[in-house]
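In: Dropping a prediction and its sequence here:
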Amino acid sequence: MSKQNEALAFDAEKQRLIREGELYRIKVVHSKALVAHALHPDALFHGAVDHAVGMARARIGGLVQPGALGSALSGFNVKSLLPYAMTVGSFIVRRRLIKPVIGIALVAGIGVAWLMRRKPSSEPDDTP
């Protein structure tokens with residue numbers, strides 16, 4: 001009986017190893033397919049765009065966090081503002097107002113930079 005039990009255990013172990021080998025081969029084929037798909041230009045572009053959008057969201061999210069720019073932008077959620085920004089952006093593109101908006105944004109940026117550089121004097125001017 002001992003030989004029969006050993007033969008059954010050996011067969012069971014052999015079947016287990018065969019199943020593990022099949023699973024390993026399936027995983028290798030699946031991995032090769034994933035790599036081949038990831039190297040297609042559209043998948044590469046999609047990944048790059050996702051990465052750029054994630055970085056932009058992190059930057060914008062850092063700007064609108066409480067305390068980043070004072071109390072002017074605190075309390076806003078980027079995810080809730082994004083639909084409004086998309087609506088305004090599509091309106092600007094449809095009306096072909098890109099250059100005027102860029103000009104207004106440039107002037108506003110220069111104005112904000114000028115206001116931030118101009119510091120109020122902390123000591124009173126006592127000259128008569």
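Out: The structure has been received and is ready for your questions.
In: all contacts plus neighbour counts: C-alpha atoms, from now on.
Out: Noted.
In: I'd like the distance from the helix or strand containing G89 to the chain centre, please.
Out: Taking DSSP states H and E as the definition, G89 sits inside helix 78-94. Relative to its parent chain, helix 78-94 has a centroid offset of 18 Å by Cα atoms, centre = their mean, to the nearest Å.
In: ditto for stretch 79-96
Out: Worked out by Cα atoms, centre = their mean, stretch 79-96 lies 20 Å from the chain centre.
In: looking only at pLDDT, what's the mean for the lengthiest helix in the chain?
Out: Determined from DSSP state H, the single longest helix within the chain is helix 2-38. Taken as a whole, helix 2-38 has a mean pLDDT of 94.
In: Show me what secondary structure element comes after that helix.
Out: Next helix or strand after helix 2-38 toward the C-terminus (DSSP H and E): helix 41-63.
In: Just the CA trace of the helix holding G89, in PDB.
Out: Coordinates of each C-alpha in helix 78-94 appear next as PDB, following Å, rounded to 0.1, in the frame of the first residue of the first chain:
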ATOM      1  CA  VAL A  78     -10.500  71.600  -8.700                       C
ATOM      2  CA  LYS A  79     -12.800  68.800  -9.600                       C
ATOM      3  CA  SER A  80     -15.800  70.900  -9.100                       C
ATOM      4  CA  LEU A  81     -14.400  73.900 -11.100                       C
ATOM      5  CA  LEU A  82     -13.200  71.800 -14.000                       C
ATOM      6  CA  PRO A  83     -16.600  71.500 -15.800                       C
ATOM      7  CA  TYR A  84     -17.000  75.300 -15.700                       C
ATOM      8  CA  ALA A  85     -13.400  75.800 -17.000                       C
ATOM      9  CA  MET A  86     -14.100  73.400 -19.900                       C
ATOM     10  CA  THR A  87     -17.300  75.300 -20.700                       C
ATOM     11  CA  VAL A  88     -15.500  78.600 -20.700                       C
ATOM     12  CA  GLY A  89     -12.600  77.200 -22.700                       C
ATOM     13  CA  SER A  90     -14.900  75.700 -25.400                       C
ATOM     14  CA  PHE A  91     -16.700  79.000 -25.600                       C
ATOM     15  CA  ILE A  92     -13.500  80.800 -26.200                       C
ATOM     16  CA  VAL A  93     -12.400  78.400 -28.800                       C
ATOM     17  CA  ARG A  94     -15.700  78.400 -30.700                       C
END
